[in-house]
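Colleague: what follows is a predicted structure for the sequence shown.
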Amino acid sequence: MTSKRWRGAAGALLVGVVLLGLAPAAGAQEAPGTEGTRGSDDEPPQPEKLLLLSLPGVTWRDLDEHDLPALEGLLADSSLADLAPRGVNPRALPGAAYLTISAGTRGISEPSVDGQQLATGEESGGSTAGEIFHRRTGTRPDGEYVALAWPALVKANDREPYDAVLGALGDSLQEAGLGAVAIGNADGTDTIGPSYERQVGLAVVTSDGVIPAGSLGTGLLVDDPSSPFGRRLDIDAVAAAFRSAWAAPAGQNGGLVVVEASDLARTLRYRDRVDKARFDDLWADALADTDRLVARLLEEVDLDRDAVLTAAPYNLSNDRDLTIAGLHLPGRAPGYLRSASTQRSGFLTLVDLAPTVLQRLDVGRPVDMEGRPAELVGSGDTYEQKVDRLVTLNAASRFREQTLFPTTLVVVLLLAITCGAAAVLVSRRSTGRARRVVWWLALVDLALLPFSYLARAFPLEEWGSGFYWAFIVTGAVLVATAATVVATRLGRPRLALVAMLLLVMGVLLGDVMTGSRLSLSAAFGYSPTGNSRLYGISNYSFGQVAAAACLLAAFVAALPPERRTRWQSLALLGAVLVVIGLPIWGSDVGGIIAFTPTILVFAGLLWRRGVNVRNLVIASLATVAAVTVFGFVDLARPADERAHLGRLFERIGNEGLEPLLSIVERKLLANLRVSTTSFWIAAIPVAVAFLVFLVRYSGRPLEAVRARIPTLHVGLVAAAVAAVLGSLVNDSGAIVGGVTLMVMTASLVCLVLEPGQPLVVDDGDAD
């Protein structure tokens, strides 16, 4: 490719980035088919009370497959979303789920004791719960119930780097003159001894471990030998408790009333004791009983005046399904829900529930709450269409979880095969057909990456894994073949590699600039079941983009005239940084921190500047400046549109550096956890071994490539820097390094085996 063409390509990319950056992004993160206007919060007036209906384990598929008229009637008049029931762990258990609601921040629990919410006068071990609580905490409770395990729960969360303030929701409601009530009881055991499964009380607990009001005792239960653990809710008793709480003035008893359909919780715990057919029958019965309960509760609720938030805060299924979320607001047309946490219509996370409650009751959100209120997004979809879509989104998310490992396995194994074969061919000074085949296989391996994203343009969850594999393999083979044919005919085989790197980088940058639709539920993208962020450049994507950009920039810098193309190569990298960092495209904080020094290392090597303390200080300051600029750009946007960088700056402004330190600690812990669990890690020793071979082998094959591309080492070192820094600052750990090195190493295979070029320094033979 001529330098003129390179200049045109780099210029076009830079202009495109700038123009897209100036375009409105309000709809960019909306899920396809759910675009609409977000509802105004000015009218109608705020409701005085809110019912939070907790339906553990319920998914949109349950609504689709069972006849639940009361619940469906409520949800048909509600704005809907898939809920990611995540606490500290990707799948929250009951106590962690309700503590996450109470904190508005990811929480964790102690499952063996977190159900011990007892009435202050209730006897346990010869003492009343109030006396035990006072002994353990030094606090004399002034509410109806106490969390006996409160000190253990606080300690468990203090050990986590999420800064969860347990009881923040209950405290905020009390300070605003509103009460909070919890109603439910999931007690039940097949063994001797008491069973306390009253985790729902933790949703309204205050920061001193007291549940102000509610009904959590065994008076809500009746014996039923056919039900899980031989017990079920007494619908009349629950309805009476709710009627009493709902009828009281908001400030006296409950501005928020949480009611748990505890038969669902009991049935979920019973799952391991029965076979699938029996569980399905029990689950159907629990759903039917829950629907009757919902009908009784709604008799007390005026839907023309009152708000109802429906959510399934946890799901004990091994399938890691997303659960249901719905928000009924009087006078508001139903649509979809989104939040600043998800930046996508049709998705909420568990931490968003507490801020949603507070907003709807016109109570200020504590600054230390991680979640953000649910917003309404208008839609012309019918209720049935919305449910079908949410079922599909959940299926797509699960499909991604199922394809992540096998796709990684194929890509990394193919890399190992091509590296091993390339080493053999170099050592034998091969000039035969095998050399072209391995060169082509390396191109195919690179092409598999973008095609794993492009596959998300199709309904994979409906068409199945067979179509997925046929698409990505056929697509990769065809595009690699087409690139090799065209490049060979032009007499420039290296253009085939350039085409693959442009495809790797272009698909991801184009996707993030148009709403990240392909990345959602892609094998190397992100999914609500596995990730807390659903927009912008994912960690997997960063590794691909960083490596491809560094190598392409090195190719540009090698073109004449040297002075001009050097600046064009930096412009290319700068444009990539803009896409990574701009808030409207997700503002990947780890990407900014890793890629800014990468650019500076690239520039330093290009201009032959050594590595010294001065340059390291400059790189550090430049990185801080880049994060600061992107952060303030995000902070300047409306609060409900801010990406996580802007929300971090908001918290730093209110709380100091503590949130930043917590995030750093959290990322380091997550980094250590995942760095030993992904097969992507296997790409690192493969890449290192091949690079060592290229450098140390007597024929110096890497020097043979550098003789043709003098700036290649600049791109390689920069890509390695991106790999190391990306692994350190992202919570995906060494996975980022594995992805980055995979792209770099597959590219090296192509360059070493490039047809028509010598394999080693002292070998002039060619194909």
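Modeller: Yes, it's here.
Colleague: run through the stretch 501-650 of the chain and note the low-pLDDT ranges.
Modeller: Per-residue confidence for the stretch 501-650 of the chain (pLDDT under 70) gives these ranges: 610-611.
Colleague: for whichever strand or helix holds Leu376, name the packing helices and strands.
Modeller: Leu376 belongs to strand 375-377 when elements are defined using DSSP states H and E. Packed against strand 375-377 by the contact rule (3 or more C-beta pairs under 8 Å, 6 or more residues apart in numbering; DSSP states H and E) you find strand 336-338. C-beta here means a position set from N, CA and C on the backbone, and glycine is covered the same way.
Colleague: tell me the first helix or strand C-terminal of the strand holding Leu376.
Modeller: Where DSSP H and E defines the elements, the next helix or strand beyond strand 375-377 is helix 383-427.
Colleague: please spell out which residues along whichever helix or strand comes after that next one are buried.
Modeller: Remark: after helix 383-427, the chain's next helix or strand is helix 433-454, criterion DSSP H and E. Within helix 433-454, the residues that qualify as buried by neighbour count (16 or more other C-beta atoms under 10 Å) are 435-436, 438-454.
Colleague: show me what helix 433-454 is packed up against.
Modeller: Counting contacts by 3+ C-beta pairs under 8 Å, 6+ apart, helix 433-454 packs against helix 383-427, helix 460-489, helix 494-513, helix 734-752.
Colleague: switch to 10 Å and redo it
Modeller: Helices and strands touching helix 433-454, as assessed by 3 or more C-beta pairs under 10 Å, 6 or more residues apart in numbering; DSSP states H and E, comprise helix 383-427, helix 460-489, helix 494-513, helix 539-557, helix 734-752.
Colleague: Thr594 - how many residues pack around it?
Modeller: Wrong residue type there; residue 594 is Ala, not Thr. The number of residues packed around Ala594, counting by other C-beta atoms under 10 Å, is 27.
Colleague: pretty sure it is touching Ile580, no?
Modeller: Yes. The pair Ala594 and Ile580 passes the contact test of C-beta atoms under 10 Å, sitting 9.0 Å apart.
Colleague: show me the helices in the stretch 601-750 of the chain, by range?
Modeller: Chain-ordered helices for the stretch 601-750 of the chain, with DSSP state H, counting those that start in this stretch as the definition, fall at 613-635, 644-655, 658-674, 683-696, 701-708, 712-729, 734-752.
Colleague: residues in contact with Val576?
Modeller: Contact partners of Val576, counting by C-beta atoms under 10 Å, 6 or more residues apart in numbering, are 13-14, 17, 505, 508-509, 537, 545-546, 548-550, 552-553, 591, 595, 598-599.
Colleague: could you do Ser341 as well?
Modeller: 84, 347-352, 355, 370-374, 532-534, 644, 647.
Colleague: switch the cut-off to 8 Å
Modeller: Taking C-beta atoms under 8 Å, 6 or more residues apart in numbering as the criterion, Ser341 is in contact with 348-349, 351-352, 370-372, 532.
Colleague: ok, the closest residue to Leu509 other than its chain neighbours to Phe542 distance?
Modeller: By the measure of C-beta to C-beta, 6 or more residues apart in numbering, the closest residue to Leu509 outside its immediate chain neighbours is Val579, 5.2 Å from it. For Val579, the distance to Phe542 (C-beta to C-beta, to the nearest Å) stands at 11 Å.
Colleague: go on, Ser727?
Modeller: According to C-beta to C-beta, Ser727 and Phe542 sit 11 Å apart.
Colleague: turn the helices and strands packed on helix 433-454 into CSV, columns for mean neighbour count.
Modeller: Written out in CSV, the entries for the helices and strands packed on helix 433-454 read as follows (neighbours: other C-beta atoms under 10 Å):
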stretch, mean neighbour count
helix 383-427, 20
helix 460-489, 16
helix 494-513, 22
helix 539-557, 28
helix 734-752, 28
